[in-house]
Every structure is written in structure tokens, then in C-alpha cells.
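> Take this sequence and fold it.
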Amino acid sequence: MSRDIGRIPIISLSGCKYLTNIITELPLPKSTNVSIKCHSLLSDQKIAQEAYRCINCRNEAIVNTLIIAVNSVINDV
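Alright, predicted model coming up:
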């Protein structure tokens, strides 16, 4: 079988193939060797500062809003 990932038959007329039959033909994951320079997921410094300020204050309205937001997230884990 060739190393071209686009040519690996997963489903054929004979039915579904087991992945273990083709696992040796799949490419191995490789490191990108790209360093991560960003220590925050927030792209704007002003947003990061505002988020830090909100986290460190004791504003009941913000706390209640965060509680409602976290409780509204669907978590099917």
C-alpha cells in the first residue's frame, strides 16, 4: 500500500475495514517545532488587562453573571 493517505481504503464494497489493518500505513504525527510565544489566549492587551481586573475584583454582579454563564454551558463529558 502506498504512503498516500488519500488512497487508503477505509470503506469498500466489502464493508468497513478495521483500522488495525491499515495502522502501519498511516503517517506518524510529527512535532511542528514551533515555539509558543503567546502566554494568553486573549489577543488584545487591553482585553487581557480588563479580564485580569474583573477576575481580581469582588463585584457581586460579575460573579453572578459568571455563575450563570458557566452553568449554561453544556458539558456532556
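> any low-confidence regions in the chain?
For the chain, applying pLDDT under 70 flags the ranges 1-19, 31-42, 75-77.
> And the strands in it?
Along the chain, counting by DSSP state E, strands occupy 11-12, 15-16.
> Residue 52 and residue 29: what is the separation?
As judged by C-beta to C-beta, to the nearest Å, residue 52 and residue 29 stand 35 Å apart. Placement of C-beta: from N, CA and C, glycine included.
> Could you do residue 50 as well?
Applying C-beta to C-beta, the value for residue 50 to residue 29 is 37 Å.
> what about the two, which has more around it?
Neighbour totals were compared for residue 50 and residue 29, and residue 50 leads with 12 against 6 (other C-beta atoms under 10 Å).
> Endpoints of stretch 50-61, how far apart?
16 Å (C-alpha to C-alpha, to the nearest Å).
> correction: stretch 25-45
45 Å.
> from now on call the first residue 54
With 54 as the first residue, the last one maps to stretch 78-98.
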